[in-house]
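# Output the structure for:
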Amino acid sequence: MAAPSAVRRLLLATGFLVLVQAAVGLVVNLYGLYPAHHRGSPAGAHRIRAYESLTWAVGHGTLALAVHVALGLTLVLLSIVAAARAVLLRQRAVAFWTVLGALLVIGAAVFGGSFLADGKTLHSLLMALFALSAEVCFHLAIDLLPSGRHGAVAALR
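Predicted structure coming up:
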């Protein structure tokens, strides 16, 4: 079984990475640090285009775009690990909010790949909204975790 303090640290790291990811995404979006035409942007199967766009962005995009994509993929993995650890904690509310946060991070990544593939601003908006909603979920999960302070105070009495 996972320790609440370990899950708390993992959720704090995940939430912090969401904020860093959103900040880098703002830079990429505001300063247009992505080309309109690249491998993955022409017509074709949408999922394949999104995958090709993500791999192109890491290998050939601007530094800010490559960092944004790499952080996003790292965040997907970290949020899945956080969700698994929260489920192992066996506290339903914490597990619910963490799993929902992980699903929102995955959704943000999917919309990010879609945005790179087709350039639709709706996909960029949904990517940002999903990421910020995930941040809220992770904070709710942190707030619901039991505090280790109560046990330490009780032990002193």
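# How about V27, nearest residue that isn't a chain neighbour?
In this structure, V27 finds its nearest non-sequential neighbour in A64, 5.4 Å apart by Cβ to Cβ, 6 or more residues apart in numbering. Bear in mind the C-beta positions are built from the backbone N, C-alpha and C, glycine included.
# That neighbour: neighbour count?
Neighbours of A64 under the rule other Cβ atoms under 10 Å: 16.
# which residues touch it?
24, 27-28, 31, 33 (Cβ atoms under 8 Å, 6 or more residues apart in numbering).
# ditto for A109
Neighbouring residues of A109 by Cβ under 8 Å, 6+ apart: 72-73, 75-76, 127.
# 10 Å instead?
Residues near A109 by Cβ atoms under 10 Å, 6 or more residues apart in numbering: 21, 50, 54, 69, 72-73, 75-76, 79, 127, 130-131.
# same thing with F138?
Applying Cβ under 10 Å, 6+ apart, the residues near F138 are 10-18, 79, 82, 86, 97-98, 100-102, 104-105.
# Now restrict these to buried residues only.
10-11, 14-15, 17-18, 79, 82, 86, 97-98, 100-102, 104-105 (16 or more other Cβ atoms under 10 Å).
# which one among the residues you listed gets closest to L145?
L11 (7.7 Å; Cβ to Cβ).
# how much space between the spatially most central residue of the chain and S133?
Centroid-nearest residue in the chain: V105, 3.7 Å away (criterion: Cα atoms, centre = their mean). Going from V105 to S133 by Cβ to Cβ, to the nearest Å gives 9 Å.
# Mutual contacts of the two, please.
In contact with both V105 and S133: V18, using Cβ under 10 Å, 6+ apart.
# Which of the contacts of F138 fall within helices?
Assigned to helices by DSSP state H, the following of the contacts of F138 qualify: 10-18, 79, 82, 86, 97-98, 100-102, 104-105.
# if I look at A70, how far off is V99?
From A70 to V99 the distance is 24 Å (Cβ to Cβ).
# Of the two, which one has the most company?
When neighbours are counted by other Cβ under 10 Å, V99 comes out ahead of the other of A70 and V99, with 19 against 15.
# now the helices for this protein?
Going by DSSP H, the chain shows helices at 4-30, 46-60, 63-89, 92-118, 121-144, 149-156.
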